[in-house]
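Asks: sequence and predicted structure are below.
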Amino acid sequence: MDLEKFKGKYEVKQVKENLNKVNQNPLVSVCVQTYKHVNYIKQCLDGILFQKTNFEFEILLGEDDSNDGTRELCVDYAKRYPDKIRLFLHHRENNIKIGGQPTGRFNFLYNLHSSKGEYIALCEGDDYWTDPLKLQKQVDFLEGNPEYVVCCHNAKIINEKGNLIQDKKLPKLIQDRDYSSLELQKGAFLLTLTMVFRNVLEEYPKNFSKVLNGDTFLISLLGGYGKGRYVEDIELAAYRVHSGGIWSELDNSKRLKARRVFNQVLMSHYKSKAHLYFLFYDKQVNVSRTLLRNLRSADTFKDYLDYNFFYIRYNNILKSKYRLKELLKFNWFYWRDLINNSFS
């Protein structure tokens, strides 16, 4: 789906675009989505603007109709940096809700569809970069390694005041390593604000608008085009945790439901039997364990039932006696644990 088709399907009120005099052939497009980030957006944009590169890059700044002063700051930055910033002023009428909750999905997809670069980098308006050579290092890697579709690095976690919560977000076991294509398709844990990836996705599935954790779905889609790589020698970016974050506002029950929807959407997107087995059998184990650990209410119990029956149905579709047998065996162990432990 190109930009015009996307707008034809989702745009209720026309987006105000200020394209400035940005280079028409940038090597990298940096997508920034912002909403009610008045205290953070300056630090985000400054971290991008001070990048030192031997190539041209553009900043696609999507502002989602904030009422806290964020919009005015974005307009000011677009005026000050007309050779770098393409500004998109959005309207709440275009907002795509997921599970009844307003999201930044229209803003995100609008930026992705509008990107002109061969590579795309992401940085939400409440996060920021700290290494002035970040883009240069990651683009150099991808230019020299065509078998890789995406590379990432680590980030520290800060709170809304900028105070350090955790010095590194990615655990040691996934640092300094490759991600296979299959691992990416499973929805590997890459930090969105650290990613640079090839602009290879010509179309985003319609189900993209149904998945709350769209960044993970994006990683899964990229897995169809190559491998991923963790890059070590980049100064930590800053991932901010605050009360305004969509994911951070969810309780455990809603997060579990969001993950279940994510798995269902991936199930419908990938058609081959091999993908169905390897992608979703592992996720079934992980989510069922989490549901059992959090089994405290009738709603969570119902989620557990729905989730297991969902996988039994799809394994029947596979018509593989061995896989169905393994799944039923797996469920028996967890039902046994449920009976013995959960209500004790």
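Replies: Here it is on my side, so go on. Numbering: from 1, shown residues only.

Asks: show me what the host helix or strand of K79 is packed against.
Replies: Per DSSP states H and E: K79 is located in helix 70-80. On a contact count with 3 or more C-beta pairs under 8 Å, 6 or more residues apart in numbering; DSSP states H and E, helix 70-80 meets helix 41-49, strand 57-63, strand 85-89. C-beta coordinates here come from the backbone N, C-alpha and C atoms, glycine included.

Asks: out of those, which gets nearest to P26?
Replies: Nearest of these to P26, taken as C-beta to C-beta: strand 57-63 at 4.3 Å.

Asks: check which strands are paired with the closest one and give the direction for each one.
Replies: Applying DSSP bridges, strand 57-63 is found paired with strand 28-34 (parallel), strand 85-89 (parallel).

Asks: of all those, which one comes closest to N154?
Replies: strand 28-34 (19.0 Å).

Asks: give me the below-cutoff pLDDT ranges for the stretch 151-300 of the chain.
Replies: For the stretch 151-300 of the chain, the stretches with pLDDT under 70 are 172-176, 243-258, 267-268, 270-300.

Asks: which parts of it are strands?
Replies: Applying DSSP state E, counting those that start in this stretch to the stretch 151-300 of the chain gives strands spanning 155-158, 164-166, 178-179, 196-198, 227-230, 237-240.

Asks: got the buried residues for stretch 139-146?
Replies: Neighbour counts using 16 or more other C-beta atoms under 10 Å place V139, D140, L142 of stretch 139-146 among the buried residues.

Asks: quick one: pLDDT of L27?
Replies: What the model reports as pLDDT for L27 is 98.

Asks: contact partners for it?
Replies: Taking C-beta atoms under 8 Å, 6 or more residues apart in numbering, we find L27 in contact with F55, E56, F57, G117, E118, Y119, V139.

Asks: now, these that are in strands?
Replies: Members of the contacts of L27 lying in strands (criterion: DSSP state E): F57, Y119.

Asks: mark which of the contacts of L27 are buried, thanks.
Replies: F55, F57, G117, E118, Y119, V139.

Asks: pull the contacting residues for the fourth one.
Replies: This means E118. E118 touches L27, V28, R198, N199, counting by C-beta under 8 Å, 6+ apart.

Asks: what about stretch 117-124, average pLDDT?
Replies: Per-residue pLDDT over stretch 117-124 has a mean of 98.

Asks: nearest to K79, out of the strands of the stretch 151-300 of the chain?
Replies: Of all the strands of the stretch 151-300 of the chain, strand 237-240 comes closest under C-beta to C-beta, at 25.8 Å.

Asks: how about the closest one as CSV, C-alpha atoms only?
Replies: Extracted C-alpha coordinates of strand 237-240, given in CSV (Å, rounded to 0.1, in the frame of the first residue of the first chain):
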residue,chain,number,x,y,z
ALA,A,237,20.5,5.9,23.5
ALA,A,238,17.9,6.9,26.2
TYR,A,239,14.6,5.0,26.4
ARG,A,240,12.1,6.9,28.6
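
Asks: and the gap between the closest residue to G228 other than its chain neighbours and A237?
Replies: Distance criterion C-beta to C-beta, 6 or more residues apart in numbering; nearest residue to G228, sequence neighbours excluded, is Y179 at 3.4 Å. Using C-beta to C-beta, to the nearest Å, Y179 is found at 18 Å from A237.

Asks: so between these two, which is more surrounded?
Replies: Y179 (26 against 22; other C-beta atoms under 10 Å).

Asks: my guess is that one contacts A188, does it?
Replies: Yes. Here Y179 reaches A188: they are 5.0 Å apart, a contact under C-beta atoms under 8 Å.

Asks: list residues touching both of the two?
Replies: Common neighbours of Y179 and A188, using C-beta under 8 Å, 6+ apart, are G228.

Asks: let me see the contact set for the residue nearest to the spatial centre of the chain.
Replies: Closest residue to the average C-alpha location of the chain: D215 at 1.0 Å, with C-alpha atoms, centre = their mean. Counting by C-beta under 8 Å, 6+ apart, D215 touches L122, T192.

Asks: please redo it, this time with the cut-off set to 6 Å
Replies: T192 (C-beta atoms under 6 Å, 6 or more residues apart in numbering).

Asks: chain center to stretch 103-114, what's the gap?
Replies: Remark: stretch 103-114 is offset 12 Å from the chain centroid, using C-alpha atoms, centre = their mean, to the nearest Å.
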